[in-house]
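Colleague: Using only what follows, build the 3D model:
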Amino acid sequence: NETSPRQHRLRLINKYCNLLTAICMLLLLGYILTSAINARASFNLETHEYTYFEGINKSLPHSYDARGTWFLFWQYLGLIILFWSTRDWLAGARPTRSSISLNPRLKRLLFLICLNGGALALECILQRIYYGDYRGKLLFLIEPGINSGNIAQFGPFAYRSNAASYLNLIWPLGLGLFIQLGRENLDYGKRRIGNGPELLLIPCTILAASGPIISSARGGALVMIGLLILVAGSLMFMNVRSKFLRFSVSMALFVGLGTAYHLGWEKIEPRLINIFSDNMSSRTQLYETTLKMIDDYGLFGSGPGSFEAIAQFELGEKFTRWVSWAHNDYLEFYLTFGKTGGGILISLTVILALQFLATFLEGPTRKLKWFGLLTVVGVAIHAVLDFPLQVYSILTLLTLIIAVISTHKTALRPHYPVQQHIDK
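Modeller: Reported below is the predicted structural model:
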């Protein structure tokens, strides 16, 4: 098929963005690897003691916790492999009898994510109801060493805020997939929604959307409400001709919000009222200390993955509990990666955003990609007040979503007129 000049320019931008993304990812891995090899010290979590190394080169990136930096290197290496392998897997898809415009492999992947999210949310809710105000067990099996109270946990997550972040990545994606598949059914001769399995997405969306409020996580609940407003606003401006589609999405959001209110509002209301009176659980003091540490560690920072090691000594007697995260991912990245590593991360983010824009303007799956973008925006906002970008399960799902919304392989071919599709 011949491409228009506009499509040619967008694909050229996408091609260069792919190259720049690969370069930035290699630079990031190289930066972390150099920091680990050129480490100044390593911290033992069991004995709480430092082992110092001699002969480091201070003009190169270095870390004050080799153990944490090596651990982060292998994590990021796995995420980068996942990113490119997902794109390659999507690019190898071929049309099937049931496929219309949406990549069939992408459809299976997103269905798996949404169904898993619905099942996860259901387990989380049942676990919260079963244990009530008593000590809880993750997945009804494991009692964690931290946050042993049921109110602080949610499902398999020992920290309820991480569960809320994970679910907030799923429910907008489920709505986007439902609208995309519903529109295909109406536009391509099936004439009605429900011929496929897309109706299964409705209960999954309801469960996942209600989870953040039921979890009692303040940040997750506020992000969920913000995403709800963005989704409602998006529906007002989207060209969704089907009244059934609009009604189904609206009812899913209404039922999800009602479920959350019935099962979770009583627990979260006092926490929202006291959100500023308790200094956001002493976060403001932690932020002030982190900002001071940023000035101390210079150009290369303290080393990727080193926050837990250095924080205990810098915080001193200000905190009586062990602090593993800064509860602001951007401050933590700035402290541990330094100005140089932070510049690489910012460059990578800008390139991926530009690539998303290029593929968004070109492809026929704009609605799906828009809702995927909302999930990324949600977790990015949550990262201001917590640490979702330090949790590997959240990063894995986030990597999959970014790989999907920033590639032009979400559709196999452009939309055809209904009659042409039937004749084929």
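
Colleague: all contacts plus neighbour counts: C-alpha atoms, from now on.
Modeller: OK.

Colleague: so where do the strands sit in the stretch 1-150 of the chain?
Modeller: 41-44, 49-52 (DSSP state E, counting those that start in this stretch).

Colleague: Just the buried residues of the last one, please?
Modeller: This means strand 49-52. Applying a neighbour-count criterion of 16 or more other C-alpha atoms under 10 Å, one finds Tyr50 buried in strand 49-52.

Colleague: Would you mind writing the CA trace of it as CSV?
Modeller: Below are the C-alpha coordinates for strand 49-52, written out as CSV (Å, rounded to 0.1, in the frame of the first residue of the first chain):
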residue,chain,number,x,y,z
GLU,A,49,27.7,-2.7,58.0
TYR,A,50,29.6,-1.2,55.1
THR,A,51,32.6,-2.8,53.3
TYR,A,52,34.7,-0.2,51.6
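
Colleague: Residues in contact with that strand: which ones?
Modeller: 40-44 (C-alpha atoms under 8 Å, 6 or more residues apart in numbering).

Colleague: before we move on, the earlier item: of the strands of the stretch 1-150 of the chain, which is nearest Gly372?
Modeller: strand 41-44 (38.6 Å; C-alpha to C-alpha).

Colleague: What pairs with the closest one, parallel or antiparallel?
Modeller: Paired with strand 41-44 in the same sheet, following DSSP bridges, are strand 49-52 (antiparallel).

Colleague: Figure out which of the strands of the stretch 1-150 of the chain is closest to Gly264.
Modeller: strand 41-44 (39.7 Å).

Colleague: Buried residues, the closest one. List them.
Modeller: 41-43.

Colleague: thought Phe83 was touching Leu400?
Modeller: Yes. Counting by C-alpha atoms under 8 Å, Phe83 does reach Leu400; the two are 6.4 Å apart.

Colleague: Need the strands of the stretch 1-150 of the chain in CSV (columns: mean pLDDT and distance to Thr259).
Modeller: Shown next, in CSV, are the strands of the stretch 1-150 of the chain (pLDDT from 0 to 100; distance: least, C-alpha to C-alpha, whole Å):
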stretch, mean pLDDT, distance to Thr259
strand 41-44, 90, 45
strand 49-52, 88, 48
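
Colleague: Show me the one of those strands that comes nearest Ser248.
Modeller: The nearest among those, by C-alpha to C-alpha, is strand 41-44 at 53.2 Å.

Colleague: Now do that closest one: everything it contacts.
Modeller: 49-53, 63-67, 309.

Colleague: With stretch 8-23 instead?
Modeller: Under C-alpha under 8 Å, 6+ apart, the answer for stretch 8-23 is 348, 351-352, 354-355, 358-359, 361-362.

Colleague: Mean confidence (pLDDT) on that stretch, please.
Modeller: If you average the pLDDT over stretch 8-23, you get 91.

Colleague: Flag every buried residue along that stretch.
Modeller: Neighbour counts over stretch 8-23 (16+ other C-alpha under 10 Å) mark 10-11, 13-14, 17-18, 20-21 as buried.

Colleague: coming back round to it: to Tyr76, which of the strands of the stretch 1-150 of the chain lies closest?
Modeller: strand 41-44 (19.5 Å).

Colleague: which residues do Phe83 and Leu400 both contact?
Modeller: Counting by C-alpha under 8 Å, 6+ apart, nothing touches both Phe83 and Leu400.

Colleague: Mind pulling up the pLDDT for Gln420?
Modeller: pLDDT for Gln420: 40.

Colleague: What is the nearest of the contacts of strand 49-52 to Ile129?
Modeller: Asn44 (38.4 Å).

Colleague: now that closest one: how far from Tyr50?
Modeller: Between Asn44 and Tyr50 the distance is 6 Å, computed by C-alpha to C-alpha, to the nearest Å.

Colleague: Ramachandran coordinates for Val323?
Modeller: phi -110, psi 120 (degrees, to the nearest 10).

Colleague: before we move on, back to that, a markdown table for the strands of the stretch 1-150 of the chain, including distance to Leu28?
Modeller: Listed next are the strands of the stretch 1-150 of the chain as a markdown table, based on distance: least, C-alpha to C-alpha, whole Å:
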| stretch | distance to Leu28 |
| --- | --- |
| strand 41-44 | 21 |
| strand 49-52 | 25 |
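
Colleague: Tell me which of those strands lies nearest to Asp386.
Modeller: Per C-alpha to C-alpha, nearest to Asp386 of those: strand 41-44, 23.8 Å.

Colleague: For the closest one, C-alpha coordinates in PDB please.
Modeller: Taking Å, rounded to 0.1, in the frame of the first residue of the first chain, the C-alpha atoms of strand 41-44 are listed here in PDB:
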ATOM      1  CA  ALA A  41      31.300   0.400  49.100                       C
ATOM      2  CA  SER A  42      28.800  -2.400  49.600                       C
ATOM      3  CA  PHE A  43      26.200  -2.500  52.400                       C
ATOM      4  CA  ASN A  44      25.200  -5.700  54.200                       C
END
